[in-house]
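Enquirer: Take this sequence and fold it.
(2 chains)
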There are 2 protein chains.
Amino acid sequence: MALIVQKYGGTSVGTPERIKNVARRVASWQAKGHQVVVVVSAMSGETNRLIALAKEVQANPSPRELDVIASTGEQVTIGLLSMALMDIGVKARSYTGGQVRILTDNAYTKARIVSIDEANIRHDLDQGHVVVVAGFQGVDDAGSITTLGRGGSDTSAVAIAAALKADECQIYTDVDGVYTTDPRIVPEARRLETITFEEMLEMASLGSKVLQIRSVEFAGKYKVKLRVLSSLEELGQEGPGTLITFEEDIKMEQPIISGIAFNRDEAKLTVLGVPDRPGIAYQILGPVAEANIDVDMIIQNVGHDGTTDFSFTVPRGEFAKAMAILEQVKGHIGAREITGDNKITKVSVVGVGMRSHVGIASKMFRTLAEEGINIQMISTSEIKISVGIDEKYLELAVRVLHKAFELEQVPA
Amino acid sequence: MALIVQKYGGTSVGTPERIKNVARRVASWQAKGHQVVVVVSAMSGETNRLIALAKEVQANPSPRELDVIASTGEQVTIGLLSMALMDIGVKARSYTGGQVRILTDNAYTKARIVSIDEANIRHDLDQGHVVVVAGFQGVDDAGSITTLGRGGSDTSAVAIAAALKADECQIYTDVDGVYTTDPRIVPEARRLETITFEEMLEMASLGSKVLQIRSVEFAGKYKVKLRVLSSLEELGQEGPGTLITFEEDIKMEQPIISGIAFNRDEAKLTVLGVPDRPGIAYQILGPVAEANIDVDMIIQNVGHDGTTDFSFTVPRGEFAKAMAILEQVKGHIGAREITGDNKITKVSVVGVGMRSHVGIASKMFRTLAEEGINIQMISTSEIKISVGIDEKYLELAVRVLHKAFELEQVPA
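Expert: Numbering: from 1, shown residues only, chains lettered A, B, ... in the order given. Below you'll find the predicted structure:
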């Protein structure tokens, strides 16, 4: 008998019929003898509806009151799923975040979990109940309702799993696991049996949006075994999904590269000929950050003749705004020229194995060169190498890299 | 400076625009120097939507989980109204029933209030906040969400007013007070400045559905000054509404009769020739009660020849069901015949003054007789006399009684 925490997102609970499907899936796990805690999101579209309603009343809604309103979405789902479970003969009991109690700080709309009192949940599990918990929400120490921000239900699930020392935290989604790359681009893409937390972080931030990055960090910190599974598979025919593991758990024969990630939503800005002096990066990026524009890759080459070139990428929707900011600061920072390109994409090879293997970068660059793909930017971390390339080459690049690193082959 | 509790129902908060109107009204009271606590219902239609959603998942919904779901309606409104108040510069803070905390028993969907912790509310009032509380809901001592049943928001408001020892509890509705009778029938009907709790109870149960009867009982028990006001009147041009008072507060010249109430939704059933023996009323009404049919008037005349006739009224929607039940028990109870009439209505004169005045009944009966209106049933209480008459005479009866008791005249 294991203790399992399962999380179902908004699409999985989007209609009464789908909620009944989730109930059947949960029941099948309990029938196998497991204790099950289920964490659910609001029905799809509900959170947006509530936020829109709030904005009709106050254009810039009070964060505390917005949380009071937004948290009702999950509250409805926990009631409905508990009913669906009882309707098929499974004892069930719902909890809001405050009822658990999931204590957070009071940073409304983006609160952080401080602690979880698992006593109520454990008591109900021991009585044979399935416990259904509202994701995305908690309560601060003054008793006010808080929400964890978008995607917070994944984080709720992981935090509850950590508090209960659950055997596994299962994140149900609309894909059956994490793939070596997007199967729509590379039909040979293969579901990974396992992936490390570190790789998952790189994959998630690079555009494989299976899990919320924050929940992955959380799981890594508290050593929660996290598994990505599909909520769409027929009962009795479920695959094993992808288990997210710690590096030390992985067998020695771990492949060097786990996957090819990519992100289409990139635009490049370059500041040419700025004085190569301390503080210049801050002078350029400070105003961009103040305008709440997320910056992804940042590249600065060695300077020559006392000046240097500085490039960074932003989401395409922020490109025009970022360009305008650079034009404003151009004189102040003494730059020669500002250029931009909003047709860039990022392709990355990711794998913890590359730490101990040389030649990954050169193999990547050679593969792209053989196809005539020009690399515009390069950025590396311990376990990934990302390149910025023209968007027209994206699919080609992903395909040839997937093949070059033999990702279609099941590791020995 | 007074402490005022105001309650706004679902129609008053039915749209973002109406919520903004409520905010302006609340702000105008605070601007006069009063401390204001506002109790709100769910936006009109929302509770029904939530209950329908629940029934899609479980035909006979779990009461505990139904309360989890239904209570979100008011939770959304408190957030929205608090935002609307802040938007016009009024400090505001919302509370769910559980946050207040409004402690109830655990009779889900029809819980009763046990106690109210007023500390949080008082603290916020002293800080200059308007406090916005979700009506209709509370929390049991295990921390589970409860609801008070339909119309429970009025009860919440009265209970909070009692706990805070508020100077007045104002129930905002779509009429500007309690009238001597329905102005659609008698154009001369007059708004009452005051009405006693006892009269209000009779008026409410007789069909003047301005206030929930339970909240009136509650206000009477805890001596809360209750006032019915209109939420539709222009700001600055509000009338005084109707104050619901205790009998001892009323001046001696209180008119004998306060109003003419009526109820169209009555159907009469008569059991003819039943043996006149102890227990016969129970044998007839027991099966009716078991079928969850509400019984209103009950009449049993003195018997003769060892048998008696027994009549009662039920809502018209239950008429066929009640007739079928009587036909079933007819043989068992030894009745001669069952008759029914689903075109009956009830008209009542109500007034605490009638206790100390003889002749009210005879004046009522004479007035009806002069118009040729046949009285089919008579039922009396300390402060009302009700008659059952054919529905075709209803409007006529109300008009002539209103005139006979001179209700159009303002009392001296």
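Enquirer: okay, stretch A:353-368 in PDB with CA atoms only?
Expert: The C-alpha atoms that make up stretch A:353-368 are tabulated as PDB, following Å, rounded to 0.1, in the frame of the first residue of the first chain:
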ATOM      1  CA  GLY A 353      25.100  13.500 -18.800                       C
ATOM      2  CA  MET A 354      26.800  16.400 -20.600                       C
ATOM      3  CA  ARG A 355      28.600  17.400 -17.400                       C
ATOM      4  CA  SER A 356      30.900  14.500 -17.700                       C
ATOM      5  CA  HIS A 357      31.200  14.300 -21.400                       C
ATOM      6  CA  VAL A 358      33.100  16.700 -23.700                       C
ATOM      7  CA  GLY A 359      32.200  17.300 -27.300                       C
ATOM      8  CA  ILE A 360      28.400  17.800 -26.900                       C
ATOM      9  CA  ALA A 361      28.700  21.400 -27.900                       C
ATOM     10  CA  SER A 362      30.900  20.700 -30.900                       C
ATOM     11  CA  LYS A 363      28.600  17.900 -32.000                       C
ATOM     12  CA  MET A 364      25.600  20.300 -31.800                       C
ATOM     13  CA  PHE A 365      27.300  23.100 -33.700                       C
ATOM     14  CA  ARG A 366      28.600  20.700 -36.400                       C
ATOM     15  CA  THR A 367      25.200  19.100 -36.900                       C
ATOM     16  CA  LEU A 368      23.600  22.600 -37.400                       C
END
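Enquirer: Identify each buried residue in it, please.
Expert: By neighbour count on 16 or more other C-beta atoms under 10 Å in any protein chain shown, the buried set for stretch A:353-368 is A:Gly353, A:Met354, A:Ile360, A:Lys363, A:Met364, A:Thr367, A:Leu368. Every residue, glycine included, has its C-beta placed from N, CA and C.
Enquirer: Okay, and the last one sits in which element?
Expert: Secondary structure here is read from DSSP states H and E; on that basis A:Leu368 sits in helix A:360-370.
Enquirer: May I have the strands that pair with the helix or strand following that helix, each with its orientation?
Expert: Past helix A:360-370, heading to the C-terminal end, the next element that is a helix or strand (DSSP H and E) is strand A:377-381. Each strand paired with strand A:377-381, and its direction, by DSSP bridges: strand A:384-390 (antiparallel).
Enquirer: hmm, who's touching the partner strand?
Expert: Identification of contacts with strand A:384-390 by C-beta atoms under 8 Å, 6 or more residues apart in numbering or on different chains yields A:202, A:206, A:261, A:266, A:268, A:297, A:313, A:343-351, A:354, A:360-361, A:364-365, A:368, A:373-380, A:397.
Enquirer: Around the residue nearest to A:Gly9 when sequence neighbours are not counted, count how many other residues there are.
Expert: Here the nearest residue to A:Gly9 in space, its sequence neighbours aside, is A:Ser41; by C-beta to C-beta, 6 or more residues apart in numbering or on different chains that works out to 4.9 Å. The number of residues packed around A:Ser41, counting by other C-beta atoms under 10 Å in any protein chain shown, is 27.
Enquirer: who in chain A is up against chain B?
Expert: Counting by C-beta under 8 Å from any C-beta of the partner chain, the residues of chain A lying close to chain B are A:16, A:19-20, A:50, A:53-54, A:56-59, A:61-62, A:64-66, A:68-69, A:71-72, A:75-76, A:78-80, A:82-84, A:86-87, A:93-94, A:96, A:98-99, A:120, A:143-145.
Enquirer: circling back to that earlier point, quick one: the helix holding A:Leu368 to strand A:384-390, angle?
Expert: An angle of 20 degrees separates the directions of helix A:360-370 and strand A:384-390 when computed by axes from the mean of the first three to the mean of the last three C-alpha atoms, to 10 degrees.
Enquirer: which residues touch the closest residue in space to A:Ile257 that isn't next to it in sequence?
Expert: For A:Ile257, the nearest residue in space outside its immediate sequence neighbours is A:Gly351; the separation is 3.9 Å by C-beta to C-beta, 6+ apart. Contacts here follow C-beta under 8 Å, 6+ apart; on that basis A:Gly351 touches A:Glu199, A:Pro255, A:Ile256, A:Ile257, A:Ser258, A:Gly259, A:Ile360, A:Ile383, A:Lys384.
Enquirer: Now A:Gly351: phi and psi?
Expert: Phi and psi for A:Gly351, reported as degrees, to the nearest 10, are phi 180, psi 130.
Enquirer: Going along the chain, name the helices of the stretch 301-412 of chain A.
Expert: A:319-333, A:360-370, A:394-404 (DSSP state H, counting those that start in this stretch).
Enquirer: Mind putting the ones you listed into a markdown table with mean pLDDT?
Expert: Converted to a markdown table, the helices of the stretch 301-412 of chain A look like this (pLDDT from 0 to 100):
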| stretch | mean pLDDT |
| --- | --- |
| helix A:319-333 | 92 |
| helix A:360-370 | 89 |
| helix A:394-404 | 95 |
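Enquirer: which ones are touching A:Val274?
Expert: Contacts here follow C-beta under 8 Å, 6+ apart; on that basis A:Val274 touches A:Ile280, A:Ile284, A:Thr307, A:Thr308, A:Asp309, A:Phe310, A:Ile333, A:Gly334, A:Ala335, A:Arg336.
Enquirer: Okay, it and chain B: tell me how far apart.
Expert: 45 Å (C-beta to the nearest C-beta, to the nearest Å).
Enquirer: just checking, that residue is part of a strand?
Expert: Yes - inclusion of A:Val274 in a strand is indicated when DSSP: H, G, I helix; E, B strand; the rest coil is applied.
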